[in-house]
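S.K.: Fold the following, please.
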Amino acid sequence: MKTITKSLALWGLEQADFALIAERENQVYRVNHSGQSYALRLHRRGYRTDAQLAAELGWMHWVSKSGLSVPAPRPSLQGPYLQSVDGFQIDVLSWLDGDTLDAILGSQQPAAQIAVFHALGIEMAKLHDASDAWPEAATCDRPAWDMEGLLGDTPLWDRFWENSALSPNQHSLLKQFRHKAAADLSVLAPTLDYGLIHADLVPANVMVDGQDLHLIDFDDGGFGFRLFDVATALLKHRSSADYPALETALINGYRSKRDLDTSRLGLFLALRAVTYVGWNITRADEDSSGNRNAKFIAQATALVRTYLQNNQALEHRQTKT
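M.R.: Now for the predicted structure:
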């Protein structure tokens, strides 16, 4: 608590009320002061460098000024967005009200769900446009969800093919996918839209406030394929009975603002799914039942198998012609 109290003083927020509201990669506190609310982030030690966080905050500032509703960094009294207190990296962001997308979908009628996904596609396209226009986009220090970040020897979210819960057949399947996806992506990469992406637009990071959408938690944002953002926003909804309509709505919303070739969406859904298998390797002890890991593996193997089978069928047809 002393760290938080000392941090608040750096932003002129002494005597503010605060409460811990989230704790995963970072600790996030809601801070109430003089009728205003803010989000104070205490970053996990060693997860991001100062340069990476400075780039994230500068990017969020630019995106906010470009008309999107994202958490905007608040300068400290000394000027910088980022400060260090007791060995922790600290920043303060604007607070955005609303309910998470996953919290509201269950109570919505299909037409309302489709409208939300169409709006999310629009906001994603606007985010990519704003990111491309950011003067520091080409040189900022952010992680890369590129070939190496997804399929290399040291992926950003760990070596998914080495998850200890994989059966021998699943292990073999994911290794086969890694090899095939790397070969395909090496050919496709020059033709794909690439730049700064949010990289974590899961339902918990999309806030719905009436007709407005807020995009939060840029912690994993960096360089990547724009289809990876689309796949991330869609993946957790694939079990929905209305998934085809939701996918169409999101893509149509995106294309109403920005061109995007989605013919390779199947590859990026599989790529996104295997990242969670890797992500859970160091977090398996958070779920002693193993259910979360099993769910990630089942989802990934299903999408990987579909991708490999579709490619095999395509190659067979091409061979016959």
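S.K.: The residue nearest to the spatial centre of the chain: which element?
M.R.: With distances taken as CA atoms, centre = their mean, Asp200 lies nearest the centre of the chain, 0.8 Å away. For Asp200, there is no helix or strand it lies in under DSSP states H and E.
S.K.: so it touches Asp220, yeah?
M.R.: Yes: using CB atoms under 8 Å, Asp200 is in contact with Asp220, at 4.5 Å. Where C-beta positions appear, they are placed from N, C-alpha and C, glycine not excepted.
S.K.: Can you verify my assumption that Pro73 contacts Ile90?
M.R.: No: using CB under 8 Å, Pro73 makes no contact with Ile90, being 11.4 Å away.
S.K.: Domains in the chain, by residue range?
M.R.: For the chain, the structural domains run 2-94, 99-320, going by automatic domain parsing.
S.K.: What separation do you get for the residue nearest to the centre of the chain and Thr275?
M.R.: Using CB to CB, to the nearest Å, one gets 10 Å for the distance from Asp200 to Thr275.
S.K.: So which residues of this structure form helices?
M.R.: 2-10, 50-65, 101-105, 110-133, 147-151, 168-188, 226-235, 243-255, 265-279, 291-320 (DSSP state H).
S.K.: Could you tell me the least trusted of those?
M.R.: Mean pLDDT is lowest for helix 291-320 among the helices of the chain, at a mean of 84.
S.K.: roughly how far is that one from the heart of the chain?
M.R.: 23 Å (CA atoms, centre = their mean, to the nearest Å).
S.K.: what's the answer for stretch 277-291, then?
M.R.: Using CA atoms, centre = their mean, the offset of stretch 277-291 from its chain centre is 19 Å.
S.K.: Kindly check the end-to-end length of it for me.
M.R.: In terms of CA to CA, to the nearest Å, the two terminal residues of stretch 277-291 are separated by 12 Å.
S.K.: what's the neighbour count on Asp17?
M.R.: By other CB atoms under 10 Å, 11 other residues sit near Asp17.
S.K.: what's the distance between it and Leu8?
M.R.: For Asp17, the distance to Leu8 - CB to CB - is 10 Å.
S.K.: what do the two both touch?
M.R.: Val31, His33 (CB atoms under 8 Å, 6 or more residues apart in numbering).
S.K.: ok so, going back, so which of the helices of the chain gets nearest Leu40?
M.R.: For Leu40, the closest of the helices of the chain is helix 2-10, at 6.4 Å, according to CB to CB.
S.K.: give the contact list for the closest residue to Gly121 other than its chain neighbours.
M.R.: If you skip the residues right next to it in sequence, Gly121 has Gly253 as its closest partner in space, 2.7 Å away by CB to CB, 6 or more residues apart in numbering. Taking CB under 8 Å, 6+ apart as the criterion, Gly253 is in contact with Phe117, His118, Ala119, Leu120, Gly121, Ile122, Met124, Ala125.
S.K.: Right, I'll leave it there.
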